[in-house]
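K.L.:
I'll drop the sequence and a predicted model, then ask my questions.
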Amino acid sequence: MCSKMYSQQLGELSDGQFQAALEHFQLGKFVRAQAIPFGNFGQNVFVTSTKGEYVLRGNPHFAGQFSTEQFYTKLLHERTEVPVPWPYYIDPTTKIFGWSYVLMPRMEGLQLADDEVRKQLKPAEKRAIAKALGENLAQMQELTWPFAGRYYAASGKVEPFDLERELAWPVPVSSSRLLSFDHARAVSYADRVVARIIHKLKDAQAYSEHTTQSDITWAEEYIASAQKALLEPFKPCLVMEDYKEGNLVVTQHGADWRVSGVFDLMEAHFGDGEADLSRAAAMYYDEDPELARIFVRAYLSRRPPRPGFEERFSVYMLLDRAILWNFFQYSKMRWWDESWTFRDWASRYVSLEAMGLS
């Protein structure tokens, strides 16, 4: 029986295992599997059967990852026109691979996570794709909820944000450092954002000397200047918290491009939709500030900004940068000046003016 190493996360898999997974959901006979050379965590494999093209996603990062992704994918499928991989089949048992797995349809379109694909795109095509991402993000946010909160697989429902669980997420509270709350504390979306920024930065201090108290004070000054803006009412909607080119595919329609598939919803929750501008805007800014401008303007053309947008943009960008910075410090990843602290790295992103978006 043929076996092959597909990724560090998934390990060596055999054709027989793929066949067993397909049979479990009556998805045809196994034809071939293809390792995916892009993406950060190596959870996915392209699988072809006699019934179609699929993605196998395995070895979850945390308990409830797949049921969380299934929950938000189902809602997007049922309540919006956003293309998502549905059905999203979950086998919670470990008997085939040694870990639970998902099988879902492979979405048609260009894989923008593939650097080789992006290298082939012309400047005009990149601009059209940035516009499509902004419009699609606005469309995703047609999925709303009565209150801000997160889906919890253990309860099978969306619950309002609780500060202790939110700071520990996605691990259990007992596994997280720096937490000492004696009981649950309900928290507003704004307070959750602020608490996560400070928590991520303080936690990053344990991994290197590149997060200083001066960095935290700098972040707190931005937060203080945005207090009024953060209190501006909003209708809670889907926030993916990792919205970027790498988590979707696109197709061309004449001179226009459209998002033809969105996936990887494990960090999703319901909150202020403006927060989902941060990651893609920063990545576009690094490549070409004009792409960032096109992306943000396309979004705002569909979802006009509320009062205080500029101040909230800074705080939401701080959160996104703090999440990534924490991960980079923990993982010992760095591709910038070794002497830089968090402020040195993040300051170019945290205002509309600094990014040339004002």
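P.N.:
Cool, got the structure.
K.L.:
all contacts plus neighbour counts: C-alpha atoms, from now on.
P.N.:
Noted.
K.L.:
Got phi/psi on Val31?
P.N.:
phi -110, psi -50 (degrees, to the nearest 10).
K.L.:
Which residues are in contact with it?
P.N.:
Val31 makes contact with Val47, Thr48, Ser49, Thr50, according to C-alpha atoms under 8 Å, 6 or more residues apart in numbering.
K.L.:
Show the contacting residues for the third one.
P.N.:
I take that to be Ser49. Leu22, Leu27, Gly28, Lys29, Phe30, Val31, Arg32.
K.L.:
what about the closest residue to it other than its chain neighbours, neighbour count?
P.N.:
Beyond its immediate neighbours in the sequence, the residue positioned closest to Ser49 (C-alpha to C-alpha, 6 or more residues apart in numbering) is Phe30, lying 4.5 Å away. Phe30: 21 surrounding residues under other C-alpha atoms under 10 Å.
K.L.:
same thing with Thr212?
P.N.:
Here the count is done by other C-alpha under 10 Å, and Thr212 has 17 residues near it.
K.L.:
how close does Trp169 sit to Asp276?
P.N.:
18 Å (C-alpha to C-alpha, to the nearest Å).
K.L.:
Of these two, which one has the most company?
P.N.:
Asp276 (25 against 14).
K.L.:
How about Lys228, nearest residue that isn't a chain neighbour?
P.N.:
For Lys228, the closest residue by C-alpha to C-alpha, 6+ apart turns out to be Gly308, at 7.7 Å.
K.L.:
my guess is the one you found meets Glu232, correct?
P.N.:
Yes - if you go by C-alpha atoms under 8 Å, Gly308 and Glu232 touch, sitting 7.4 Å apart.
K.L.:
Any chance you could list what contacts the longest helix anywhere in the chain?
P.N.:
Secondary structure of the chain per DSSP state H: the longest helix is helix 309-331. Outside helix 309-331, the residues within contact range by C-alpha under 8 Å, 6+ apart are 193-194, 196-197, 200-201, 203-204, 207-208, 219, 222-223, 225-226, 229-230, 241, 274-275, 278-279, 334, 342, 346, 349-352.
K.L.:
Could you write me a ChimeraX select line covering just the buried ones among those?
P.N.:
Selection of buried members from the contacts of helix 309-331 for ChimeraX, criterion 16 or more other C-alpha atoms under 10 Å:
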select :193,194,196,197,200,201,203,204,207,219,222,223,226,229,230,241,274,275,278,279,342,346,349,350,351,352
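K.L.:
Now, the contacts of helix 309-331 that are in helices?
P.N.:
Using DSSP H, the members of the contacts of helix 309-331 that fall within helices are 193-194, 196-197, 200-201, 203-204, 219, 222-223, 225, 229-230, 278-279, 342, 346.
K.L.:
does Arg165 really touch Pro172, like I thought?
P.N.:
Yes - using C-alpha under 8 Å, Arg165 is in contact with Pro172, at 7.3 Å.
K.L.:
More neighbours: which of those two?
P.N.:
A count of neighbours by other C-alpha under 10 Å puts Arg165 above the other of Arg165 and Pro172, at 18 against 14.
K.L.:
wait, what's in contact with that one?
P.N.:
Each residue near Arg165 by C-alpha under 8 Å, 6+ apart is listed here: Pro172, Val173.
K.L.:
gap between it and Val171?
P.N.:
Distance of Arg165 to Val171, computed by C-alpha to C-alpha: 8 Å.
K.L.:
okay, now the residue lying closest to Phe263 once chain neighbours are set aside: neighbour count?
P.N.:
Take Phe263 and drop its neighbours on the chain: the residue closest to it by C-alpha to C-alpha, 6+ apart is Asn247, 5.6 Å away. Other residues lying near Asn247 total 16 when counted by other C-alpha under 10 Å.
K.L.:
what's the burial count for Tyr316?
P.N.:
The burial count for Tyr316: 25, using other C-alpha under 10 Å.
K.L.:
Kindly report the same for Lys122.
P.N.:
Residues near Lys122, counting by other C-alpha under 10 Å, number 10.
K.L.:
how far away is it from Ser3?
P.N.:
To Ser3, Lys122 is 39 Å away according to C-alpha to C-alpha.
K.L.:
Next: Glu125.
P.N.:
Glu125 is 39 Å from Ser3, where distance means C-alpha to C-alpha.
K.L.:
Could you pull up phi and psi at the residue nearest the centre of the chain?
P.N.:
Residue closest to the average C-alpha location in the chain (C-alpha atoms, centre = their mean): Asp242, at 1.9 Å. Taking degrees, to the nearest 10, you get phi -150, psi 40 for the backbone angles of Asp242.
K.L.:
now swap in Asp91 and tell me
P.N.:
The phi/psi pair for Asp91 (degrees, to the nearest 10) reads phi -110, psi 110.
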